[in-house]
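Visitor: The following comprises the amino acid sequence and a computationally predicted model.
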Amino acid sequence: MNSRRISISLTNIVLLVTLPLLLILLWQLRSLIVILMISVVLSATLAPIVNATQNVGIPRFLAVLIVYAALIATLTGFGLIVGPTVVQQIQILIGKFPSYIEALRSLLSDIILRFGMRETGATDMINQVLDVQGLTSWAIRSSQQLVVRSYSVTRGIIGSVLSTLLALLLSAYMLSASKQLLEDIINLFPQPWNKRLALQITPVGKRMGGYIQGRILVSSILGVVITVSLKFLGLSELALGLGVIAGFTNLIPFFGPVLGSIPALIVATSQGGLTVFWVLLLFVIVQNVETYVLDPLLVGNSVKVSPLYQLLAVLGGAQVLGIIGALIVPPWIAGMGVLLENLYIKPKLIAEGHHELD
């Protein structure tokens, strides 16, 4: 009878022991990993500006300081000028939310009565669906789920502030010492992978940074357009707040524009059915302009990732990390797409082409 000997090498034993420990360590360090992911996205986004500043003749470290100081000053100035008005209008929106829901319920009831649907019980169904307390509770729960996932990663308000500062410091360090830092990481890989990876640094950075730059630019344009348009449509009391909400949510691909339109449509119900129609038409036009003009022009050419993969990245990021994940996971997918394309797909096609020729 033949007996089979099972030999277990020392390397296999070490791998079996260290792999679970490594996974546990990564889980414990998940907050730091998320901060590193954010830092890489920030550095990739600001790298072109830093490079342009350095090309003027300014040392790189000083160029990084100038860019970050200008960024912080711009955001602070914008917050001081626009922030109080936006906060005030959002507070008004929250305070009047029950009356807006009541106006929406009356509007839908009138539409149903005009079509002679009183006997079908549709009015009772609307009253049940548009329950003010139920909708308010649902909105709070849904927003809390996304915020809590992001909130739990940074472990509280103080942790969120410290994580933001740490992400800024790390991204600044990555930009100021990017050359040496990247060389140290690449040298960890054996030949010829070190040389291959070195060639991917620039395209990966451009792809990741281009994604965020495009989304910020598109969202800013749409936020301004929506704010101005809502003022002309009679919602001037809350136009700025609704425009900021729409612009911010638009940073999230696919779902952001829809989420941003909901508050404006609810507010429009208090003005009557005609205003609701014009606001709905505005967001339909804005959505189509974004999808077919701005995104392909400002985002699509730099990302070059299938919309399906972008959608999965948004869903997966939001499921795991909440709002933060929906924002930072798509650029990482775009960057990994460069590695997949240049290190696997193109060499594979070239090899298959040579094989066919032989």
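Guide: Now that the structure is in, tell me what you want to look at.

Visitor: Can you tell me the element Leu75 falls in?
Guide: Under the criterion of DSSP states H and E, Leu75 resides in helix 60-95.

Visitor: quick one: contacts for Ile221?
Guide: Leu294 (C-beta atoms under 8 Å, 6 or more residues apart in numbering). For glycine as for every other residue, the C-beta is placed from the backbone atoms N, C-alpha and C.

Visitor: and it, what element?
Guide: Following DSSP H and E, one finds Ile221 within helix 201-232.

Visitor: where does the stretch 201-350 of the chain have low pLDDT?
Guide: In the predicted model, the stretch 201-350 of the chain carries pLDDT under 70 at residues 300-305.

Visitor: before we move on, back to that, avg pLDDT for the helix holding Leu75?
Guide: The average pLDDT within helix 60-95 is 87.

Visitor: Please enumerate the helices of the stretch 1-150 of the chain.
Guide: 10-28, 30-55, 60-95, 97-114, 122-129, 132-154 (DSSP state H, counting those that start in this stretch).

Visitor: since we're on the closest residue to Val225 other than its chain neighbours, how many residues are nearby?
Guide: Of all residues not flanking Val225 in the chain, Val286 sits nearest, at 6.6 Å (C-beta to C-beta, 6 or more residues apart in numbering). If you count neighbours by other C-beta atoms under 10 Å, Val286 ends up with 21.

Visitor: and Val286, what does it touch?
Guide: By C-beta under 8 Å, 6+ apart, the contact list for Val286 reads 222, 225-226, 257.

Visitor: now it, what's its secondary structure?
Guide: Three-state call for Val286 (DSSP: H, G, I helix; E, B strand; the rest coil): helix.

Visitor: in the helix holding Leu75, what's buried?
Guide: 60, 63-68, 86, 89-90, 93 (16 or more other C-beta atoms under 10 Å).

Visitor: Present the residues you listed as CSV; the columns should include distance to Gln271.
Guide: CSV is the format used below for those (distance: C-beta to C-beta, whole Å):
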residue, distance to Gln271
Arg60, 54
Ala63, 50
Val64, 49
Leu65, 49
Ile66, 47
Val67, 44
Tyr68, 43
Val86, 21
Gln89, 16
Ile90, 19
Leu93, 14
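
Visitor: Going by distance to Phe277, which of the residues you listed wins?
Guide: Nearest to Phe277 out of the buried residues of helix 60-95 is Leu93 (C-beta to C-beta; 20.7 Å).

Visitor: Just give the nearest non-adjacent residue to that closest one, would you?
Guide: Leaving out its chain neighbours, Leu93 is closest to Leu238 (C-beta to C-beta, 6+ apart), at 5.8 Å.
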